[in-house]
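> Give me the fold of what follows.
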Amino acid sequence: MGSGAIRRRLALGLAVLTASGLLVAAAPGDAQAAGHCAGRKVRTLPFSTGTVVVHKRGGYLCAVTLAEKPGTRRTMSVSIRARGGRPVVDEGRYTRYAGPVTVHAGRRCVWVKGRVGGGSVSSGWILC
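I've put the predicted structure just below:
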């Protein structure tokens, strides 16, 4: 294989990597959450500084809090509680997201909470 063919293949590979990097950088928050939770998205809870996304697979529910503007390290949290159970919580200082947290709910209602900085959301009992 000549040096011209090698250069063309390297250029093509670089172009593919660059394009895939741009697609990942342009992905919305829900697509980001899909990488953390298995199953189908069943609820999106937006608030001023972020969004909580809830996915369901079988009897399990998974939640992630996504920052509206990722990059700055700040307090974030996500919790999910099946009725009759204790909440499963992830809280800390993160730059992009808190979670995922997963709970087995079966057919029970769940209460989901999320916080990014000063903004927060609390769902009340949902998905009953």
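> CA atoms for contacts and neighbours, from now on please.
Fine.
> mind checking pLDDT for the closest residue to residue 78 other than its chain neighbours?
Spatially, and ignoring its direct neighbours in sequence, residue 78 is nearest to residue 114 (4.4 Å; CA to CA, 6 or more residues apart in numbering). pLDDT, residue 114: 98.
> Okay, and residue 114 sits in which element?
Per DSSP states H and E, residue 114 falls inside strand 110-116.
> So what's the gap between whichever helix or strand comes after that strand and the chain middle?
Counting by DSSP H and E, the element after strand 110-116 in chain order, helix or strand, is strand 119-126. Mean C-alpha position of strand 119-126 versus that of the full chain (CA atoms, centre = their mean, to the nearest Å) differs by 16 Å.
> Could you do stretch 85-105 as well?
Averaged over its C-alpha atoms, stretch 85-105 has a centre that lies 11 Å from its chain's centre (CA atoms, centre = their mean).
> For that stretch, buried residues please.
Neighbour-count burial for stretch 85-105 flags 87-91, 94-105 (criterion: 16 or more other CA atoms under 10 Å).
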